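return a 3D structure for these sequence lines:
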Amino acid sequence: MADRKQSRAEAVRTAVDDVFTAAAGQAQSTAQSTAQSARGRAQDIVDEAARAAGRVVGAIDDLRPPTAEEVRALRRAVAELSERVAALERHNG
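Sure, this is the predicted structure:
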């Protein structure tokens, strides 16, 4: 479990690093270009930030523990599968 949390934490760090790296590179390029080109590059920065934010949200969601309802749903699914397996075993056994 520790390896899983470490990899998730690393995913969050990587996503945040990506957005800052992209923003810094885009900002530097934007400063050297024309006003019209700057608007396009600014949009690129916003797009990259949105993609990185999505990755961060996904990584954080992966770190979230399951809710009580999610655990109950999994228990119901396991119980249903167990009943189906038992029925198949009775039928074939």
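
ok, now which ones touch the spatially most central residue of the chain?
The structure's the chain has its C-alpha centroid closest to residue 58; by CA atoms, centre = their mean the separation is 2.1 Å. Counting by CB atoms under 8 Å, 6 or more residues apart in numbering, residue 58 touches no other residue. Glycine gets a C-beta too; all of them are placed from N, C-alpha and C.

pLDDT wise, what is it at?
pLDDT for residue 58: 82.

residue 23: how many residues sit nearby?
Look at residue 23: counted by other CB atoms under 10 Å, it has 17 neighbours.

which pLDDT value goes with it?
Per-residue pLDDT puts residue 23 at 70.

repeat that for residue 52.
At residue 52, the model reports a pLDDT of 85.

if you average pLDDT per helix and strand, which one of this protein comes out bottom?
The weakest-scoring helix or strand in the chain, judged by mean pLDDT, DSSP states H and E, is helix 2-31 (a mean of 69).

following that one, which helix or strand shows up next?
helix 35-63 (DSSP states H and E).

which parts of that next one are buried?
38, 41, 44-45, 48-49, 52, 55-56, 59 (16 or more other CB atoms under 10 Å).

using TSV, lay out these together with distance to residue 88.
Listed next are the buried residues of helix 35-63 as TSV, based on distance: CB to CB, whole Å:
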residue	distance to residue 88
38	66
41	61
44	56
45	57
48	51
49	52
52	47
55	42
56	44
59	39
